[in-house]
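Asks: Sharing a sequence plus its predicted fold:
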Amino acid sequence: MFAVTILSFLFFTGLVAVITWFMTRKNKLDNNDGFFLAGRSLTFPFIAGSLLLTNLSTEQMVGLNGDAFTDGLCVMAWEVVAVIALVLMALFFLPKFLRAGITTVPEYLEQRFDRQTELICNIIFLAAYAIILLPIILYTGARGMLDVLNLQKLLGFSSDIQALWCVVILVALIGSVYAIWGGLSSCAVSDTLNGIGLLTGGFLITYFAIYALGGTPDAAGNITEGSGSFANGLSIFLKEAGEAGRLNSIGSNDAKAPFFSLFTGILFINVFYWCTNQQIIQRTFGAKSLGEGQKGVLLTGVLKLIGPLYLVLPGIIAAVMLTKGFHLGNINADGTIASDKAYGSLVSFVLPNWLTGFFAAALLGAILSSFNSALNSTCTLFSLGIYKRLVNPDAPDKRVVAMGRYFGVVITVVSVIVAPLLASTGGIFGYLQKMNAIYFIPILAVVLVGMASKWVPSVAAKAALIVGILLIAMGYFIPPFNGILNYMNEYHFVAIVFLIIIAMMLIIGKFRPRKTAYIPIDAKATDMTPWKYAKHAGVALLLIVFAIYACFADFSHIRNKIVEIPRAPGYTVSPEAAAVEAAAKKAKEAAAEATRAAKKSREAAAEFERLKKEFEKAQQTRTGSEELPAYPASRMDTLIPQ
């Protein structure tokens, strides 16, 4: 069986490589457009496939299903709300980008503001991609493959770190070949092919899981042979998950995706990611025409709508299977499973051995897509934004492409060295998510204001980038400013910063506007004929998003989460674990009560001051014949905070 797994893995991985080479072998890669923008020849299927696969990763499959395992359907927000951002990209952002004929987002800021703004944005993107994004893609991708497919045991490595190094090097080597030597066109084609494999593998996992749920677990927790049933499993899933509150699209205030954050941080994160993130949107800059680009972006929206079927449902199914007595593996002493182990446990339980090689190839394709896209964007930003602008402005295209390739090799080696070191760093993922939030909110604000206003000057853009980064960094890491997160969700916090820096830019534009109104550049680099059904398709997608939320909405538990931690039957919680759970619940309730009490105290203090001022005013304005109004001591004493 081991030989079958290895051979099938090599076959599917090699098949993608061969088809990619065959389809891109005649492409010209010695000029900027050919290497960085695929010759501006991408059609909508390749744009959609590359967008989807660049977004997907093993970390997302493991992490989002893990959140669904504990919180239920509400975490689909990251997939469904993305559709709103994609509609904005197709109808608002993309026409402006393509008309400008740009290769990078910082290049657009140079056109709209000045070269200093472009340089600042280039440095921000390069630092974020080279130091944060690429090593994390390698590490999380390798970690996900090891956990989901149990590669350490499968490949016979004596230690986990050896297997980690092996996968990291494999991904880096293959990904760098696509990105550094094949350019954007090979990335787009391979992403599309890998996307077909990953979607197939993801849907198969969901199918096998529902089929297994319809069976009967034996004494050991394995499915009784011949007892599986898809129809029965679907019925059980809808009944059990519905009764447990796991099919509610409305996230409670303490869920991973609170409902009200859909209109603040989660929305802004998605708009940045799909509309201004160089790693993602570079493939749209290579569109053959505006119409092809719009079709590709909106098709991605359709694919995101079905994303919960393989990124959320498996996690919920795993929770139901665990409570029904199926032994998924990685079960703790109290009958629970860590959320980040839920998807891997489910895959190990339901995936037939003969499909392991194919699924490994699909997971590798997801990692490769994220890595080669980020690496290609890093090469693009360095070559056109740093080397061409600052080092050698007169360099021919061939030299610029060569320098991008050299830089890509260096960044790949650095990423390979750094990635395995993250294994010993506790809490690195939460830290890196915050680091990402520091830069994407200011960049989104600057791009948005730049498009919407003709008079805001470059000084406002530079101030917004610097002030926005400082505000978010202070709110996250620097006392006493980081205490603000004790009073509001971090998604609401970044949304407030977003509005602050937009207001700051508009105020600067009001009192210190440009000397002349900005006139958008028409580079005539792309056919700007739009897709005639783009607006209709965009409205249809938005209506579907609303319908999905409406169908599964239950607002009755928006304040308190009712979804319980999935627990296998027959396990008893130890007194120590029960005490910890009870103490945590009590502490959480006490914190909520303290917050409410503090609010009441502040309101009472304000009312006290108001009454006191009324009394003093009455005392000062009375005449000698007037009697002093009765001091409202009974009212004021009740208002003094205790």
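Replies: Ah, there it is. Numbers count the residues shown, from 1 in each chain.
Asks: Touching, residue 116 and residue 458? I think so.
Replies: Yes. Assessed by CB atoms under 8 Å, residue 116 is found in contact with residue 458 at 7.0 Å. Every residue, glycine included, has its C-beta placed from N, CA and C.
Asks: between these two, who's got more neighbours?
Replies: Remark: of residue 116 and residue 458, residue 458 carries more neighbours, 18 against 14, as counted by other CB atoms under 10 Å.
Asks: and residue 329, how far is that from residue 517?
Replies: 64 Å (CB to CB, to the nearest Å).
Asks: Same question for residue 201.
Replies: Applying CB to CB to residue 201 and residue 517 gives a distance of 52 Å.
Asks: Next: residue 402.
Replies: 40 Å.
Asks: who has more neighbours, these two?
Replies: residue 402 (16 against 9).
Asks: and that one, which of the three is it?
Replies: Three-state assignment for residue 402 (DSSP: H, G, I helix; E, B strand; the rest coil): helix.
Asks: How confident was the prediction at residue 487?
Replies: Turning to residue 487, the model gives it a pLDDT of 80.
Asks: now do residue 457
Replies: 94.
Asks: Pretty sure it sits against residue 516.
Replies: No. Look at residue 457 against residue 516 with CB under 8 Å: they stay out of range, at 10.7 Å.
Asks: Look at those two and report which has more neighbours.
Replies: A count of neighbours by other CB under 10 Å puts residue 457 above the other of residue 457 and residue 516, at 19 against 8.
Asks: Find the residue closest to that one in space, skipping its chain neighbours.
Replies: Counting by CB to CB, 6 or more residues apart in numbering, residue 457 lies nearest to residue 514, which is 4.9 Å off, once chain neighbours are set aside.
Asks: Can you get me a residue count around the one you found?
Replies: Residue 514, neighbours per other CB under 10 Å, totals 16.
Asks: who are the neighbours in contact with it?
Replies: Remark: with contacts taken as CB atoms under 8 Å, 6 or more residues apart in numbering, residue 514 is in contact with 454-457.
Asks: With residue 155 instead?
Replies: So residue 155 contacts 163, 166 (CB under 8 Å, 6+ apart).
Asks: run the last query once more with 10 Å
Replies: 2, 5-6, 146, 149, 162-163, 166-167 (CB atoms under 10 Å, 6 or more residues apart in numbering).
Asks: and if you look at residue 359?
Replies: 5, 8-9, 12, 145, 148-149, 197-198, 200-202, 204-205, 347, 351-352.
Asks: What average pLDDT does the helix or strand where it lies get?
Replies: Secondary structure assigned from DSSP states H and E places residue 359 in helix 356-380. In this model, helix 356-380 has an average pLDDT of 84.
Asks: Ok, stretch 328-344 next?
Replies: Rounded mean pLDDT across stretch 328-344 is 78.
Asks: Can you mark which positions in it are buried?
Replies: 328, 331, 334-337, 339-344 (16 or more other CB atoms under 10 Å).
Asks: next one: stretch 105-114
Replies: Result for stretch 105-114 [16+ other CB under 10 Å]: buried residues 105-113.
Asks: And these, which two are furthest apart?
Replies: Spanning the widest gap among the buried residues of stretch 105-114 are 105 and 113, at 12.3 Å by CB to CB.
Asks: shared neighbours of these two, anything?
Replies: With CB under 10 Å, 6+ apart as the test, residue 105 and residue 113 both reach 121, 446.
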